[in-house]
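A.B. asks: need a structure here:
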Amino acid sequence: MSNIMFFNIPAHGHTNPTIGVVRELVRRGHKVRYYSFCEFRGKIEGAGAEYVSCEPYMPPEPDDLEDKVGKDFALLIEMVVDTTVNMENMIGGEIESFQPDCIVSDSICFWGKLFARKYGIPFVCSTTTFAFNQYTAKMMKQGLREMISMFKGMPRIQEKMKLLNEHGYPVENFVSIVQNDNDTNTIVYTSRKFQPMVETFSDKYAFVGPSVIEKGVRGFRKKRPQIYIALGTVLNRNVKFYRKCIEALKDLEVDVIMSIGLSTEPSELGEIPDSFTVESYVNQMEVLSGTDVFLTHCGMNSVNESLYYGVPMVLFPQHSEENAVAIRTEELGAGVRLRRNSAKAIRRAVIEILKNDHYRKCAQEIGEDFQQCGGAVMAAEFIEKVADDGMMTRLTARVRDDILNNNSKRKR
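C.D. replies: Sure, this is the predicted structure:
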């Protein structure tokens, strides 16, 4: 059996899809060591993996990090490089003792990719967003502010590329860190149908569909249509938007579940109508199993889960990556994008989806497609093959070295 290292960032949407995969790998007899953060320790160990904390190696977060997520690319590169350099001594020792046959790393967790390169270990990219290449990257449609920020940050980025090279990481430029090509083994947690421009990707890409751990069974369904509102687990402090949702939906014959995150207090929202249930956190899978319309920030994990249950969406993306997901969802008829951030626009979009069954039918078609994908089992098989190849390469090298050493001894 193989030894497999996983690396991830501290984000639910990037971690959750991997948990079912880890559980399947462990079930098959592989040993998994997962480098992550304390918030996810329970999930990781519950899946049967060994947890290793990355907490001590992360650089301090800037006070305004929430405002810069998805906007300051130089900050992302700085955090990636500093984390890589901080972890390298620890990881070097881990690799020597654990002898991994494969490294699996999230597409945004670039230090996993960098460690795989430096130590020549077979690598699998775990992509919880769409797969992006030179063609699909155009969907990102960066705003002027993001473009200016990237341009201003180039000197900072170049300085960090120099630091990586000084520490022995073979990196030409930041694009080589960020971009995967058609030679990179890549798992994508969506279907070929939902992936834009899927024909531009090689057979190194496995479109496994959402890795859903459990199906919602309890639900929150009431007698009236149910609307679910959530803005994810990162950029979810948006009191003004929550207030607009209350204004938009308070007079409709619907029941609303609104998940506002841990950084917002219900008291900040003003008077909450009886038709609203406001929570800091909900079991999203349970809620979606009884939902008629999902108002979402368009994080890939949330959209995948919504479509898995055939739930159409009101799409409210917060940055360029989420905007690409929103565009594709609307393109396939499974949702309506908010063109304006107003109570009137929210109300109109929700009513449009409720009265027009076309959106639910389209969402259900994509959901059925998701359920026909291989999910966690297919992802585990893909990783297993890469790890097996890595193990054979390592064994072949050992045999070759033994033969060379024996020949050398005979000559003496």
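
A.B. asks: all strands for this protein, in order.
C.D. replies: Using DSSP state E, the strands assigned to the chain run over residues 3-7, 31-36, 50-53, 102-106, 123-127, 185-188, 205-207, 226-230, 255-259, 276-279, 293-296, 313-315, 335-337.

A.B. asks: I'd like the ones you listed laid out as a markdown table, including distance to Met154.
C.D. replies: Heads up, the C-betas are built off the backbone N, CA and C, glycines and all. As requested, the strands of the chain are exported to a markdown table (distance: least, Cβ to Cβ, whole Å):
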| stretch | distance to Met154 |
| --- | --- |
| strand 3-7 | 26 |
| strand 31-36 | 30 |
| strand 50-53 | 33 |
| strand 102-106 | 25 |
| strand 123-127 | 25 |
| strand 185-188 | 27 |
| strand 205-207 | 30 |
| strand 226-230 | 36 |
| strand 255-259 | 38 |
| strand 276-279 | 43 |
| strand 293-296 | 33 |
| strand 313-315 | 32 |
| strand 335-337 | 32 |
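
A.B. asks: ok, and which of those has the densest surroundings?
C.D. replies: Sort those by mean neighbour count, taking mean count of other Cβ atoms under 10 Å, and strand 293-296 sits at the top with a mean of 28.

A.B. asks: CA atoms only: put that strand into PDB for me.
C.D. replies: The C-alpha trace of strand 293-296 is given here as PDB (Å, rounded to 0.1, in the frame of the first residue of the first chain):
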ATOM      1  CA  VAL A 293     -34.000  28.500  -4.000                       C
ATOM      2  CA  PHE A 294     -30.400  29.000  -2.800                       C
ATOM      3  CA  LEU A 295     -29.000  32.600  -2.700                       C
ATOM      4  CA  THR A 296     -25.200  31.900  -2.800                       C
END
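
A.B. asks: Pull up the pairing partners for it, direction included.
C.D. replies: strand 226-230 (parallel), strand 313-315 (parallel) (DSSP bridges).

A.B. asks: rewinding a little: closest one to Asp369 among the strands of the chain?
C.D. replies: The closest of the strands of the chain to Asp369 is strand 205-207. By Cβ to Cβ, the value is 10.3 Å.

A.B. asks: what's the weakest-modelled helix or strand in the chain?
C.D. replies: helix 65-68 (a mean of 49; mean pLDDT, DSSP states H and E).

A.B. asks: what's Ser191 sitting at in phi/psi?
C.D. replies: For Ser191, the backbone dihedrals (degrees, to the nearest 10) come out as phi -100, psi 170.

A.B. asks: And Val311, by the same measure?
C.D. replies: Dihedral pair for Val311: phi -100, psi 120, per degrees, to the nearest 10.

A.B. asks: So what would you say the end-to-end distance of stretch 41-61 is?
C.D. replies: End-to-end distance of stretch 41-61 (Cα to Cα, to the nearest Å): 21 Å.

A.B. asks: how about it: buried residues?
C.D. replies: 43-44, 47-49, 51-52, 54, 57-58 (16 or more other Cβ atoms under 10 Å).

A.B. asks: Kindly report the same for stretch 16-32.
C.D. replies: 16-26, 30-32.

A.B. asks: again, but for stretch 108-128
C.D. replies: Using 16+ other Cβ under 10 Å as the burial criterion, the residues of stretch 108-128 that qualify are 108-118, 121-128.

A.B. asks: For stretch 259-277, which outside residues touch it?
C.D. replies: The contact list for stretch 259-277 (Cβ atoms under 8 Å, 6 or more residues apart in numbering) reads 220, 224, 228-231, 233, 236-239, 242-243, 246, 249-250, 252, 254-258, 278-282, 284, 287.

A.B. asks: Just to check, Pro225 is in contact with Val254?
C.D. replies: Yes - with contact defined as Cβ atoms under 8 Å, Pro225 reaches Val254; the gap is 4.8 Å.

A.B. asks: between the two, what contacts are shared?
C.D. replies: In contact with both Pro225 and Val254: 292, 354, using Cβ under 8 Å, 6+ apart.

A.B. asks: on that earlier part again, wait, which of the buried residues of stretch 41-61 is closest to Met391?
C.D. replies: Ala49 (18.5 Å).

A.B. asks: ok so, going back, which of the buried residues of stretch 16-32 fall within helices?
C.D. replies: The helices, defined by DSSP state H, take in 16-26 from the buried residues of stretch 16-32.

A.B. asks: who's in contact with Leu25?
C.D. replies: Taking Cβ under 8 Å, 6+ apart as the test, what Leu25 contacts is 4, 32, 380, 383-384.

A.B. asks: Could you identify the most distant pair in those?
C.D. replies: Once Cβ to Cβ is applied, the contacts of Leu25 give Val32 and Glu384 as the farthest pair, at 11.4 Å.

A.B. asks: Phi first, then psi, for Cys373.
C.D. replies: Backbone torsions for Cys373, taken as degrees, to the nearest 10, come to phi -80, psi 170.

A.B. asks: How many neighbouring residues does it have?
C.D. replies: 21 (other Cβ atoms under 10 Å).

A.B. asks: Which residues are in contact with the residue nearest to it when sequence neighbours are not counted?
C.D. replies: Counting by Cβ to Cβ, 6 or more residues apart in numbering, the nearest residue to Cys373 once its immediate chain neighbours are dropped is Gly209, at 2.7 Å. Gly209 sits next to 189-191, 369-375, 378 when contact means Cβ under 8 Å, 6+ apart.

A.B. asks: I'd like those residues laid out as CSV, including distance to Ile9 and pLDDT.
C.D. replies: Shown next, in CSV, are the contacts of Gly209 (distance: Cβ to Cβ, whole Å; pLDDT from 0 to 100):
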residue, distance to Ile9, pLDDT
Tyr189, 15, 94
Thr190, 19, 94
Ser191, 24, 94
Asp369, 28, 94
Phe370, 24, 93
Gln371, 28, 89
Gln372, 29, 91
Cys373, 24, 91
Gly374, 25, 90
Gly375, 22, 91
Met378, 23, 95
